[in-house]
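Mind folding the following:
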Amino acid sequence: MTMAVGCTFLRWTVVMALALTVLPGTTWPADAGQPLALERKITLNDVSGRIDHMAVDLHRHRLFVAELGNDSVDVIDLGSSTVLHRFTGLKSPQGVAYLPGPDAIAIANAADGSVQFYGGGDFAALGTLNLGNDADNARVDARTGNIVIGYGDGGLAVIDPATRSKQRDITLPGHPESFQIDPRANRAYVNVPDAGQIAVIDLTSGRQVAKWTVPGQAENFPMAIDSAVGTIATVFRSPPRLVLLKSETGAVTGSYPACGDADDVFFDSRRHRVYVSCGAGVIDVFNRDGSGAQHLATIHTSPGARTSLFVPDLDELYVAERAGLLKDAAILVFRPAP
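As a prediction, the model looks like this:
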């Protein structure tokens, strides 16, 4: 490389780096006509690798981001769009949940199977519970206040967050991916892709009472539930499809092509929509009506930005964007259009 070419390349690199640098809380112009508008971008400095699940503390307006590849969890103040605190030294954190009862944060670690608890206000360490291996998704049972965590080769651990002790183990036929709890039916619905099924769990008895399969579909990872209307949304990766089922019977009510490498799906009950976030670098938006659903729009994000969290109380969709060449990791904040 000659000196002139080298200098030109250096200048181009610096210009591109400056162009891609985004300050915390940067706002973006709304994309007219789209069902989701990118409202702002929250930068996560010094975060590398895969980003996994998120949770929210509604009282304090804080977002928790499990940075699996970075062995950390960030606490974001949504009011100022800045990182308030970072938990470090974790072991591939996958699941995170905020527990309003004891005002605590639970972090599930894949590498060692531990669940670590911290104070919701002061972030002080409260204790650790070891589940064995691959602690993953975390959900709070609104009926009991317990936290339920999927882990290992096939199990749900029901944990009392006040004592940080395991109350029950529920056996599954494979490692659980996304699952949802329906407090009205006192059931848990669990995606078990290795077994090619959705497992239906009676939380009173702690036993699987049904298994649902969708012929021709495999790799069911994300799941959402609209308990008010008795509908479950599951997104399969092979082939990529959004499938709607009745929560009472498992009967399929609709099946629609979806984006690739889906990792999260959410119902927006206010607007009768479904949001699917995918590692292909897009969010698929569907409209729901009495006869099923229709694809409404494809919103572009970036490759690998597959993990998301829709918070109806805040009316925002958060999408985790990985770090890349000349760009930091970030949380993309989308505001649904009316």
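
check contacts around Pro239.
By C-beta atoms under 8 Å, 6 or more residues apart in numbering, the residues touching Pro239 are 216-217, 257. Heads up, the C-betas are built off the backbone N, CA and C, glycines and all.

Quick check: the gap between the residue most central in space within the chain and Ile149.
In the chain, the residue lying closest to the centroid (C-alpha atoms, centre = their mean) is His53, at 4.0 Å. Applying C-beta to C-beta, to the nearest Å, the value for His53 to Ile149 is 11 Å.

what sits in contact with each of the two?
Common neighbours of His53 and Ile149 (C-beta under 8 Å, 6+ apart) are 95, 137-138.

Now tabulate the contacts of Pro239 in TSV and tack on distance to Leu63, neighbour count and secondary structure.
Shown next, in TSV, are the contacts of Pro239 (distance: C-beta to C-beta, whole Å; neighbours: other C-beta atoms under 10 Å; DSSP: H, G, I helix; E, B strand; the rest coil):
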residue	distance to Leu63	neighbour count	secondary structure
Gly216	37	10	coil
Gln217	32	19	coil
Pro257	31	10	strand
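
ok, of those residues, which one's closest to Val115?
Taking C-beta to C-beta as the measure, Val115 lies nearest Gln217 of the contacts of Pro239, at 31.3 Å.

Can you name the residues that contact the closest one?
Shown in contact with Gln217 (C-beta under 8 Å, 6+ apart): 236, 238-239, 241, 243.

before we move on, back to that, I'd like to know which of the shared contacts of His53 and Ile149 is nearest to Phe267.
Nearest to Phe267, judged by C-beta to C-beta, of these is Asn137 at 17.3 Å.

Let me know the pLDDT of the closest one.
The model reports Asn137 with a pLDDT of 98.

how much space between Pro222 and Gly250?
Applying C-beta to C-beta, the value for Pro222 to Gly250 is 17 Å.

So if I had to pick from those two, which one is more boxed in?
Each of Pro222 and Gly250 has its neighbours counted (other C-beta atoms under 10 Å); Pro222 has more, 25 against 17.

I'd say that one and Asp261 touch.
No: using C-beta atoms under 8 Å, Pro222 is not in contact with Asp261, being 10.4 Å away.

Flag the shaky bits of this protein, pLDDT-wise.
Filtered on pLDDT under 70, the chain yields the residue ranges 1-32.

Domain-wise, how is it divided?
For the chain, the structural domains run 24-48+216-338, 52-213, going by automatic domain parsing.

Need the nearest residue in space to Gly132, chain neighbours excluded.
Counting by C-beta to C-beta, 6 or more residues apart in numbering, Gly113 is the residue found nearest to Gly132 once chain neighbours are left out, at 4.5 Å.

pretty sure the one you found contacts Leu131?
Yes: here Gly113 reaches Leu131: they are 4.5 Å apart, a contact under C-beta under 8 Å.

can you list residues touching both of the two?
Common neighbours of Gly113 and Leu131 (C-beta under 8 Å, 6+ apart) are 151-152.

And the shared contacts of His53 and Ile149, which is closest to Pro336?
Nearest to Pro336 among these: Asn137, at 24.2 Å, using C-beta to C-beta.

Okay then, goodbye and thanks.
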